[in-house]
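J.: here is a sequence together with a model predicted from it:
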Amino acid sequence: MTFFVCEECGFGSASWYGKCPDCGKWNTLTERSDFSKTSTSKKEALKKISITPLKKIKTQTKSRIKTGIFEFDRVLGGGFIPGEVILLTGEPGIGKSTLILQALKNIRCLYISGEESAEQVKNRADRLKINLDKFLFSNDLQVEGIIESSLEMKDNIDVIVIDSIQTVYSKDIEGAASGINQLKGVTKLLVNFAKKNNLAIILIGHITKEGEVAGPKTLEHFVDCVLNFEGEKVSNYRLIRTSKNRFGGTDEIGIFEMTQQGLKEITNPLIFIEEAKSSDPGKATVGIAEGKRPLFFEIQTLVVPTVLPVPRRVVKGLDYNKVLLLLAVVRKNLNLPLDSYDIYVNVIGGVSIKGTGADLGLIASLLSSVKNKPLSAGSLFIGEVGLLGEIRKTFFEEKVVLEGKRLGFKKIFSSNNIKNVKELRSII
Ligand code: TYD
Ligand code: MG
């Protein structure tokens, strides 16, 4: 009897489908004569578990390896640790390879690239004036080979970079390279290797806005740390965020600017604020704690009469559903129906704001646009807004307020001096 097995996800079926019913990919089912070959139905004998009293385990604090970039080390929790596996994700072209090259410039590194040739990497390093004396390079992508060769030279390297994990394959795993089976299998092999040999591995993974699910997302369980490198390609700002970190916090962000000379670290908290040449309606400045660091962003909202039966809501840089929720709060608490208006919301600089601290500022910018009246110069908004219109304290609010004062904001609105969104009426 013949079976059909999906090359992507391993789904098996007695009949053929053009589209895999499990993972939804097209033309991935191939015919097999013996389905049992692909399943792991081997019976295992009963095996008692081995037990270790934890108090007998001796722990040692592993020393961290610092990279050449302070912002990068900070998101990692102070550098990376031998044996740590880091997944660095981001859209193609955002600057992942550049970041790695700059960060590892003083570290003994084996760089496996399925994306670029040795000449291309060397060229970029020359242009960035990075001395790659400690870099070893390979274009060979079989994971068993990578592991075997790394084992032979493990005393001479501190970190292995795989650029990108989608291009590496295992000779023993069925399915196309970059398919889910391969991705998971290859990653597991590399993670085991890293742990056994105390070598750090950085896996670079491409994600696309649409296709996030099928790619590196599925690898997040296997690794110790997940870094997301984000930003709009049209803007020069880039952020690193951590969504998982077994050896540090997940709330720090690193900020960079992409320049002709590569990525530059940004420490100025006002980097995303345009110098006020005029005070326009619909513009509000918000203060947010990103990690422990106060940062300031500018939200612009445009409210215009709609010509459509269902009004448009376009949101960039904030969570779309959160904006809809706040529109409902405005409708109820400020008695302001906006059904006959299109609403456009944007965060300046092509960056995204995470967290809740921008709620109050978004509503202020919305009211300012509706009333066509600018907010007074030097205003700063800090605060989360609840469903009942109440203003809530956000993380590290005091710190953000203090930093706001230090930077010269004249009117700071936060849960200290405003309790409900209704009070915004008196200031706009
Ligand atoms: P790259 O690191 O190759 O991106 P990724 O590895 O995420 O695909 O960076 C690609 C972009 O960065 C490329 O479009 C050009 C730009 N760039 C600069 O603007 N300045 C530079 O110094 C470098 C090296 C790249
Ligand atoms: Mg690259």
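T.: Okay, I see it. Ligands and ions are numbered 1, 2, ... in the order given.

J.: make it CA atoms for all contacts and neighbour counts henceforth
T.: OK.

J.: low-confidence ranges, the stretch 51-200 of the chain, go.
T.: Judged against pLDDT under 70, the stretch 51-200 of the chain has no low-scoring part.

J.: tally of neighbours for residue 302?
T.: 21 (other C-alpha atoms under 10 Å).

J.: swap in the one 10 residues further on?
T.: Applying other C-alpha under 10 Å, we find 16 other residues in the vicinity of residue 312.

J.: list the contacts of the closest residue to it other than its chain neighbours.
T.: Nearest residue to residue 312, sequence neighbours excluded (C-alpha to C-alpha, 6 or more residues apart in numbering): residue 342, at 4.7 Å. By C-alpha atoms under 8 Å, 6 or more residues apart in numbering, the contact list for residue 342 reads 303, 304, 305, 306, 311, 312, 313.

J.: now do the SS call for the residue most central in space within the chain.
T.: Closest to where the C-alpha atoms of the chain average out (C-alpha atoms, centre = their mean) is residue 228, at 2.5 Å. Secondary structure assignment for residue 228 (DSSP: H, G, I helix; E, B strand; the rest coil): strand.

J.: pretty sure it contacts residue 86?
T.: No: assessed by C-alpha atoms under 8 Å, residue 228 is found out of contact with residue 86, at 10.5 Å.

J.: state the distance from the closest residue to ligand 1 within the stretch 151-300 of the chain to residue 272.
T.: Per C-alpha to the nearest ligand atom, residue 262 is where the stretch 151-300 of the chain lies closest to ligand 1, at 3.3 Å. Separation of residue 262 from residue 272 (C-alpha to C-alpha, to the nearest Å): 19 Å.

J.: could you say which helix or strand contains residue 345?
T.: Assigned by DSSP states H and E, residue 345 belongs to strand 341-347.

J.: beyond that strand, next helix or strand please.
T.: helix 359-370.

J.: other residues contacting that following helix?
T.: 281-286, 299-303, 326, 330, 374-375, 380-385, 391, 421, 424, 428.

J.: and the helices in the stretch 1-150 of the chain?
T.: For the stretch 1-150 of the chain, the helices defined by DSSP state H, counting those that start in this stretch occupy 70-76, 96-103, 118-127, 143-152.

J.: mean neighbour count, the ones you listed: which tops it?
T.: Each of the helices of the stretch 1-150 of the chain was scored by mean neighbour count; the highest is helix 70-76, a mean of 22, by mean count of other C-alpha atoms under 10 Å.

J.: what's the neighbour count on the residue lying closest to residue 70 once chain neighbours are set aside?
T.: Excluding its sequence neighbours, the residue lying closest to residue 70 (C-alpha to C-alpha, 6+ apart) is residue 265, at 7.9 Å. Here the count is done by other C-alpha under 10 Å, and residue 265 has 17 residues near it.

J.: what do you get for residue 44?
T.: Other residues close to residue 44 by other C-alpha under 10 Å number 6.

J.: moving C-terminal of the helix ranked longest in the chain, what's the next helix or strand?
T.: Assignment by DSSP state H gives helix 180-197 as the longest helix of the chain. Proceeding C-terminally, helix 180-197 gives way to strand 200-206 as the next helix or strand, assigned by DSSP H and E.

J.: just checking: what are the partner strands of that following strand?
T.: strand 85-90 (parallel), strand 159-163 (parallel) (DSSP bridges).

J.: can you give me how far that strand is from the chain middle?
T.: 13 Å (C-alpha atoms, centre = their mean, to the nearest Å).

J.: what sits closest to residue 422 if chain neighbours are left out?
T.: Using C-alpha to C-alpha, 6+ apart, the closest residue to residue 422 is residue 334 (5.9 Å).

J.: how many neighbours does that neighbour have?
T.: Neighbours around residue 334, by other C-alpha under 10 Å: 16.

J.: surely it touches residue 424?
T.: No: contact criterion C-alpha under 8 Å: residue 334 and residue 424 do not qualify, at 9.1 Å.

J.: returning to that earlier point: of all the helices of the stretch 1-150 of the chain, which one comes closest to residue 13?
T.: helix 143-152 (29.2 Å; C-alpha to C-alpha).

J.: could you give the angle of the closest one to helix 180-197?
T.: 10 degrees (axes from the mean of the first three to the mean of the last three C-alpha atoms, to 10 degrees).

J.: hmm, who's touching helix 143-152?
T.: So helix 143-152 is contacted by 140, 168, 169, 170, 171, 186, 189, 190, 193, 197 (C-alpha under 8 Å, 6+ apart).

J.: circling back to that earlier point, packing partners for the longest helix of the chain?
T.: Secondary-structure packing of helix 180-197 (3 or more C-alpha pairs under 8 Å, 6 or more residues apart in numbering; DSSP states H and E): helix 143-152, strand 200-206.

J.: what residues does the stretch 1-150 of the chain have near ligand 1?
T.: 92, 93, 94, 95, 96, 97, 98, 124 (C-alpha under 6 Å from any ligand atom).

J.: equivalent analysis for the stretch 251-400 of the chain, please.
T.: Counting by C-alpha under 6 Å from any ligand atom, the residues of the stretch 251-400 of the chain near ligand 1 are 258, 259, 260, 261, 262.

J.: what's the fourth one in contact with, if anything?
T.: Same thing as residue 261. 127, 128.

J.: per-residue confidence for it?
T.: pLDDT, residue 261: 91.

J.: if we can go back for a sec, shared neighbours of residue 334 and residue 424, anything?
T.: With C-alpha under 8 Å, 6+ apart, residue 334 and residue 424 have no common neighbours.

J.: nearest residue to the residue of the stretch 151-300 of the chain closest to ligand 1 in space, ignoring adjacent ones along the chain?
T.: Residue 262 sits nearest to residue 128 (C-alpha to C-alpha, 6+ apart), 6.2 Å away.

J.: cool, and residue 369?
T.: residue 282 (4.1 Å).

J.: that neighbour contacts residue 302, correct?
T.: Yes: using C-alpha under 8 Å, residue 282 makes contact with residue 302 at a distance of 6.1 Å.

J.: on that earlier part again, sort out for me which of the residues of the stretch 251-400 of the chain next to ligand 1 are in strands.
T.: Those of these mapping onto strands are 258, 259, 262, per DSSP state E.
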